[in-house]
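Visitor: All I have is the shape, not the residue letters:
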């Protein structure tokens, strides 16, 4: 093991010792005082009648307890990573975790899930380097952190899209991105999808759905690559010239049979109102095995068995058939949202009645949920949504079509 690293097990022992003696406090001279001594001082203050004013000791005691709470939660966070190490540089300087002090009070019970994803990445960045302390607000778009031979990846990028993941669920992979120092991977602001053109001929069938759930996307894969865009990490505590830390623009690409389909932003997909997970049926329905087309708003569904059929989606409800293929389901959900379609995720053991109810709830196109500036169709252009000075409709603006936008069901 590198002498400059400490294993997570040793960190656990250190934190146990800290929490076991957490009642000790430190005076200004650097010596350790017991809680009984602190209590005597507090009693003297009470007797003098000066306890109405906030004291430096109270502030120090509060931050001391909050720091222990933070370290205990980091311990649980690192318990996810088998064989993980931390930099011993972390013990050479005070923890700069003002964001933690401001965001929550000390908790007597450690909880790894108390971290948001950006907070978890901020903690990993700090403990992996011992010196790079980036506030979580600057890491809201980060999808992975690479340092040394470890890559910490947000769990949603490695899971079926229907599975709900905590923000702090991160998976550690062995590998590197070919760059020294710390690399924070961020997606591009506007990922691109393959454009259809007349130079390439493809048959788009959109055949009626026969009720069979199959996997038509066994050759779909996801790939990670990088653009030329890099930006140094800016932090006051980051002062060692020989160290390197960068934000690096990273592309998550969808390929099918080795052919590029598009770039996707998976983490942003889960924050979009167009994505919906149908929960597991709680038994209020008579669960039916056979698909009934008459129960759907469009009197049936059409199948999507090819990526071109999703890149040129139908105007009616369609089902993307990638049964038990989490990679293709994840990619299709991201593409469906980028195409600005209501995207419905079916669970492995879904109920058709629950799916029918969700399809009936898909609104007309006039619902602004479908009208965004990123809609390339023009339906969501600012001109169509412009209002007059008093909130009345702009007479120059056109009415959007009243047809219902087809939903994409990921099965």
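Guide: Sure thing, it's come through. Remember, it's a predicted structure, so these values are computed and weren't measured experimentally.
Visitor: how far away is the residue nearest to residue 169 when sequence neighbours are not counted from residue 122?
Guide: Distances taken as CB to CB, 6 or more residues apart in numbering put residue 155 closest to residue 169, at 3.8 Å, once the chain neighbours are dropped. No exception for glycine: its C-beta is placed from N, CA and C like everyone else's. Distance of residue 155 to residue 122, given as CB to CB, to the nearest Å: 17 Å.
Visitor: same check, this time on residue 163
Guide: Taking CB to CB, one finds residue 163 at 24 Å from residue 122.
Visitor: out of these two, which sits in the busier spot?
Guide: Counted by other CB atoms under 10 Å, residue 163 and residue 122 do not tie: residue 122 has more neighbours, with 25 against 15.
Visitor: The more buried one is in contact with residue 139, isn't it?
Guide: Yes: if you go by CB atoms under 8 Å, residue 122 and residue 139 touch, sitting 5.7 Å apart.
Visitor: The worst-scoring helix or strand of the chain on mean pLDDT: what's the following helix or strand?
Guide: When the helices and strands of the chain are compared on mean pLDDT, DSSP states H and E, helix 382-385 comes out lowest with a mean of 29. Later in the chain than helix 382-385, the nearest helix or strand by DSSP states H and E is strand 408-410.
Visitor: helices or strands next to that next one in the packing?
Guide: strand 318-320, helix 326-338, strand 343-345 (3 or more CB pairs under 8 Å, 6 or more residues apart in numbering; DSSP states H and E).
Visitor: mind checking which of those is nearest residue 190?
Guide: Distance to residue 190, taken as CB to CB, is lowest for helix 326-338 among the helices and strands packed on strand 408-410, at 9.4 Å.
Visitor: Next, the buried residues of the closest one.
Guide: Buried residues in helix 326-338, counting neighbours by 16 or more other CB atoms under 10 Å, are found at 327, 328, 329, 330, 331, 332, 333, 334, 335, 336, 337, 338.
Visitor: picking up where we left off before, okay if I get the helices and strands packed on strand 408-410 as a markdown table plus distance to residue 179 and mean pLDDT?
Guide: Formatted as a markdown table, those follow (distance: least, CB to CB, whole Å; pLDDT from 0 to 100):
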| stretch | distance to residue 179 | mean pLDDT |
| --- | --- | --- |
| strand 318-320 | 36 | 94 |
| helix 326-338 | 26 | 96 |
| strand 343-345 | 34 | 93 |
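Visitor: Indicate which one of those is closest to residue 261.
Guide: With distances scored as CB to CB, the stretch of those nearest to residue 261 is helix 326-338 (7.5 Å).
Visitor: Distance check, the nearest residue to residue 325 once chain neighbours are set aside against residue 326.
Guide: Leaving out its chain neighbours, the residue that sits closest to residue 325 by CB to CB, 6+ apart is residue 215, at 4.8 Å. Residue 215 is 11 Å from residue 326, where distance means CB to CB.
Visitor: now do residue 148
Guide: From residue 148 across to residue 326, the span is 28 Å (CB to CB).
Visitor: In the protein, where is pLDDT below threshold?
Guide: With pLDDT under 70 as the threshold, the chain has low-confidence stretches at 1-63, 104-112, 200-201, 235-243, 284-289, 363-405.
Visitor: Domain-wise, how is it divided?
Guide: According to automatic domain parsing, the chain comprises the domains 5-186, 189-219+262-411.
Visitor: Compute the first-to-last residue distance for the shortest one.
Guide: End-to-end distance for domain 189-219+262-411, by CA to CA, to the nearest Å: 28 Å.
Visitor: residue ranges of the helices in the chain, please?
Guide: Assigned by DSSP state H, the helices in the chain fall at 8-20, 35-48, 56-78, 98-103, 117-129, 266-269, 307-311, 326-338, 352-360, 382-385.
Visitor: For the fifth one, name the packing helices and strands.
Guide: The one in question is helix 117-129. helix 56-78, strand 85-87, helix 98-103, strand 144-147, strand 150-154, strand 170-174, strand 182-186.
Visitor: For it, give me every contacting residue.
Guide: With contact meaning CB atoms under 8 Å, 6 or more residues apart in numbering, helix 117-129 is reached by 70, 74, 77-78, 86-87, 89-90, 95, 97, 99-100, 103, 115, 132-137, 139-140, 142, 145, 147-148, 150, 152, 154, 167-168, 170, 182, 184, 243, 245, 267.
Visitor: returning to that earlier point: for the helices and strands packed on helix 117-129, give me TSV that also has mean neighbour count.
Guide: Output for those, formatted as TSV (neighbours: other CB atoms under 10 Å):
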stretch	mean neighbour count
helix 56-78	18
strand 85-87	21
helix 98-103	14
strand 144-147	23
strand 150-154	20
strand 170-174	16
strand 182-186	23
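Visitor: right, and the ones you listed - which one's nearest residue 407?
Guide: strand 150-154 (26.4 Å).
Visitor: quick one: that closest one to helix 117-129, angle?
Guide: Per axes from the mean of the first three to the mean of the last three CA atoms, to 10 degrees, the angle that strand 150-154 makes with helix 117-129 is 170 degrees.
Visitor: Let me know the closest of the buried residues of helix 326-338 to residue 225.
Guide: Using CB to CB, the buried residues of helix 326-338 come closest to residue 225 at residue 331, 15.0 Å.
Visitor: Excluding covalently adjacent residues, which one is nearest to that closest one?
Guide: Per CB to CB, 6+ apart, closest to residue 331 is residue 254, 4.4 Å.
Visitor: ditto for residue 301
Guide: That would be residue 209: by CB to CB, 6+ apart, it lies 4.0 Å from residue 301.
Visitor: All set now, cheers.
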